[in-house]
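Peer 1: 3D model of this:
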Amino acid sequence: MAVLNEEQEMLRDMARNWTTNESPVSEFRKVRAKGDPEAFDRSAFAAMAEMGWTGVIVPEEYGGSDFGWLSAGLVIEELGKTLTASPLIATTIAASAILIGGSEEQKAKWLPGIVSGETIATLAIDETAKHGGGDLATQASDGKLSGTKAFVHEAHGADLFVVAARDGLYLVEKGEGVSLSTRALADQRSHAEVNFESAAAEKLASGGEALLDEVLDRARILTACEMLGMAQAIFDMTLDYLKQRVQFNQVLATFQALQHRMADLFGDLAMMRSAVEGGLQALDSGFGVPRAAAVAKAEANRVLHLLSREGIQLHGGIGMTDEYDVGLYLKRSRVLEASWGSTSLLKDRFAKINGY
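Peer 2: Down below sits the predicted model:
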């Protein structure tokens, strides 16, 4: 595990206490039951902003705390444990795009609003059902951008879109020229196809051709943090279930075969944590980020897929019911596995980075 300083320990503990007491899985069930396309509680997101979570990676000059990526990952991991529905990850990734590629004017215009929670932002990258599927058709001319983006996360609540076009990344505000079509996915969170029709756009001029890859690497690592929290929660709830469920007049946890399965999962979870924390540390150090991002997300895909499947099976038939939370984690996991790169795509990217 990563060695944390005192401030990071306090931030992690604050996030853990808040999610446990104020945002358990039952709160996600309430959000789901409302059926609101935004699919998150705005008052909960406002509380996150008040606690400073929206500005963890943002420099102090724009209102943030500049605590670094490892600190941001600690918060997001805790949110993942309770399936807290919020646009925090999407907004943090969008903020990183502005930090890397934005002009001083763009940073001053958008980052303070992101830190305060007044501005929700998200990425609009892919144009097909599969990440990285084909060349981008979206293009901009004379400050107007046109194109269609598929399955944009947190699109319904977004005030600002970071949009990938043929010649770079653009900032597009919600409003004229921007229309949404809801896309219902298994996790029942906010996803939409977003159509841009001659929408006013500002280009992120810095960062060059590598800007999109840099932003996607950050998206992969932060998404892996949420997946790590989910994996830990699945492991813990499954272990608790095995300790209390009685079969053939014995507690399930006493069966050696099940002990071995849980031991294997514990090892996989440790490997996942190492990979994800390695990605966060790479971001903070600025060294080896593309490799670390590919490893973090690929390992998160592998382990969460395994844990979510095993969690369902070890719960038995009851695990398939909506009454038990484990099924909610499986549904969210399948969406996140496909986000920002499948395992095969990331393995291919890792090979190319290393010259193979």
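Peer 1: For the helix or strand of the chain with the lowest mean pLDDT, give me every contacting residue.
Peer 2: Each helix and strand of the chain was given a mean pLDDT (mean pLDDT, DSSP states H and E); the minimum falls on strand 246-247 at a mean of 80. Contacting residues not belonging to strand 246-247 are listed as residue 252 [C-beta atoms under 8 Å, 6 or more residues apart in numbering]. Where you see a C-beta, it was placed from the backbone N, CA and C, and this is true even at glycine.
Peer 1: biggest helix in the chain by residues?
Peer 2: Using DSSP state H to define each element, the chain has its longest helix at helix 211-244.
Peer 1: just the strands in the stretch 51-200 of the chain please.
Peer 2: 121-124, 139-141, 144-153, 160-165, 168-173, 178-182, 191-203 (DSSP state E, counting those that start in this stretch).
Peer 1: And the next helix or strand past the least confident helix or strand of the chain?
Peer 2: Next helix or strand after strand 246-247 toward the C-terminus (DSSP states H and E): strand 250-251.
Peer 1: quick one on the thing from earlier: identify the neighbouring strands of the least confident helix or strand of the chain in the sheet and state each direction.
Peer 2: Taking DSSP bridges as the criterion, strand 246-247 forms sheet pairs with strand 250-251 (antiparallel).
Peer 1: Now the next helix or strand after the partner strand: buried residues?
Peer 2: Counting by DSSP H and E, the next helix or strand C-terminal to strand 250-251 is helix 256-285. Within helix 256-285, the residues that count as buried by 16 or more other C-beta atoms under 10 Å are 258, 261-262, 265, 268-269, 272-273, 275-284.
Peer 1: mind checking how far helix 256-285 is from the chain centre?
Peer 2: Computed by C-alpha atoms, centre = their mean, to the nearest Å, the separation of helix 256-285 from the middle of its chain amounts to 18 Å.
Peer 1: How about stretch 308-319?
Peer 2: The answer for stretch 308-319 is 24 Å, by C-alpha atoms, centre = their mean.
Peer 1: which other residues reach that stretch?
Peer 2: 230-231, 234-235, 237-238, 241-242, 245, 252, 258, 261-262, 265, 320, 324, 326-327, 329-330, 333-334.
Peer 1: Just the buried ones from those residues?
Peer 2: Here, 16+ other C-beta under 10 Å leaves 230-231, 234-235, 237-238, 241-242, 252, 258, 261-262, 265, 324, 326-327, 329-330, 333 buried among the contacts of stretch 308-319.
Peer 1: Just the pLDDT at residue 248, thanks.
Peer 2: Per-residue confidence (pLDDT) for residue 248: 79.
Peer 1: cool, and residue 66?
Peer 2: pLDDT, residue 66: 96.
Peer 1: Count residues in the vicinity of the nearest residue to it once chain neighbours are set aside, would you?
Peer 2: Counting by C-beta to C-beta, 6 or more residues apart in numbering, residue 66 lies nearest to residue 59, which is 4.9 Å off, once chain neighbours are set aside. Applying other C-beta atoms under 10 Å, we find 14 residues neighbouring residue 59.
Peer 1: Could you do residue 222 as well?
Peer 2: Residue 222 has 30 nearby residues by other C-beta under 10 Å.
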